[in-house]
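*Asks:* predicted structure and sequence below. I'll ask about it afterward.
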2 protein chains.
Amino acid sequence: MPDALRRFKAEIFQALAHPTRIAIVEALQEGEQPAGSLIDQLGLEQANISQHLAILRAKQVVTTRRAGNQVYYSLRDPVLSQVLVLLREYFYSHLSESVSMLDAMRPPEPLRK
Amino acid sequence: MPDALRRFKAEIFQALAHPTRIAIVEALQEGEQPAGSLIDQLGLEQANISQHLAILRAKQVVTTRRAGNQVYYSLRDPVLSQVLVLLREYFYSHLSESVSMLDAMRPPEPLRK
DNA sequence: TGACTGTATGCGAATATCCGAATATTCGCG
DNA sequence: CGCGAATATTCGGATATTCGCATACAGTCA
């Protein structure tokens, strides 16, 4: 039985395991927003954001509401917000190691090839 | 600046985005354990667990302590534990949809090929 | 209907993840 | 040193993610 729970948690983590999707969730913390507004804020390709939204939808992290032309997105449960808050504290409480981890991890695009 | 934070969170989520790694973290909630003990509990290949442990180490989710022959693993910060607790509540509070999501998502290996 | 805005989906290529099998490494002991 | 136990790393192939581009779909308004 707890195996299903573990798979479930893994799915949720996977849904959140991308900077763009985290940005989306953060933006939705302020309240529901139409997709277009998210696209503006994040400044990425419309199709790309829509794909990430599809993932969040599939994992039921967000819910949608259609209003005429637009689709409003919102977080399904504020608990997900809390998770992000916890991780922010975690990040700052281990700031130095955390940063070095990020550095080490993704040679984050060479300044110039 | 918050971009680094988002990348950091994504890395952590990614680290946790696998049932085996969740099982490891759950096991470590009870306290530190040597790798061999984890292998016994989870009943998976030694190499496989070691690979997952390497990932958790790289993302600094766990820390290690060497004692002679063995390597003891422990959670670096209990906040990660709390995250799992929050998700458990989340899971149960949306139980029916959650289960159907799991079903829908991964036809979880057909009973017989 | 047709044109237009907003959103979603399909496809292909580059990259990353996962697992098993084989091989290394490290430590303690005789 | 050389062996055995505990743990780590490497490699290869199958599968999954991510992205850009092109296209499809839905709703509104004239």
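*Replies:* Okay, I see it. Predicted model, so just to flag it, every value in this text is computed and none were measured.
*Asks:* pull up the residues of chain A that are close to DNA strand C.
*Replies:* Proximity of chain A to DNA strand C is assessed by Cβ under 7 Å from any atom of the strand, with A:34-36, A:39, A:46-47, A:50-51, A:53-54, A:64, A:69-71 identified as the residues in range. Every C-beta, even on glycine, is put in place using the N, C-alpha and C of the backbone.
*Asks:* what are the boundaries of the strands in chain A?
*Replies:* Counting by DSSP state E, the segments of chain A that form strands are A:33-34, A:62-67, A:70-75.
*Asks:* now these as JSON lines including mean pLDDT, distance to residue A:4 and mean neighbour count?
*Replies:* Shown next, in JSON lines, are these (pLDDT from 0 to 100; distance: least, Cβ to Cβ, whole Å; neighbours: other Cβ atoms under 10 Å in any protein chain shown):
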{"stretch": "strand A:33-34", "mean pLDDT": "96", "distance to residue A:4": "32", "mean neighbour count": "18"}
{"stretch": "strand A:62-67", "mean pLDDT": "95", "distance to residue A:4": "22", "mean neighbour count": "13"}
{"stretch": "strand A:70-75", "mean pLDDT": "96", "distance to residue A:4": "23", "mean neighbour count": "17"}
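*Asks:* and of those strands, who's closest to residue A:15?
*Replies:* Put simply, out of these the one that sits nearest residue A:15 is strand A:62-67, at 9.4 Å, with distance taken as Cβ to Cβ.
*Asks:* let me know the angle separating that closest one from strand A:70-75.
*Replies:* With axes from the mean of the first three to the mean of the last three Cα atoms, to 10 degrees applied, the angle from strand A:62-67 to strand A:70-75 works out at 150 degrees.
*Asks:* neighbours of residue A:52, how many?
*Replies:* Counted by other Cβ atoms under 10 Å in any protein chain shown, the residues lying close to residue A:52 total 21.
*Asks:* so what pLDDT did the spatially most central residue of chain A get?
*Replies:* In chain A, the C-alpha nearest the mean C-alpha coordinate belongs to residue A:22, at 2.2 Å (Cα atoms, centre = their mean). Residue A:22 is assigned a pLDDT of 97 by the prediction.
*Asks:* what's near enough to touch it?
*Replies:* Residues touching residue A:22, when contacts are defined by Cβ atoms under 8 Å, 6 or more residues apart in numbering or on different chains, comprise A:16, A:84, B:6, B:9-10, B:13.
*Asks:* now, these that are in helices?
*Replies:* Members of those lying in helices (criterion: DSSP state H): A:16, A:84, B:6, B:9-10, B:13.
*Asks:* which of those lies closest to DNA strand D?
*Replies:* residue B:10 (8.2 Å; Cβ to the nearest atom of the strand).
*Asks:* ok now do the closest one, which residues does it touch?
*Replies:* Residue B:10 makes contact with A:16-19, A:21-22, according to Cβ under 8 Å, 6+ apart.
*Asks:* hang on, the earlier thing: which ones, among the residues of chain A next to DNA strand C, also lie beside DNA strand D?
*Replies:* A:47, A:51, A:69.
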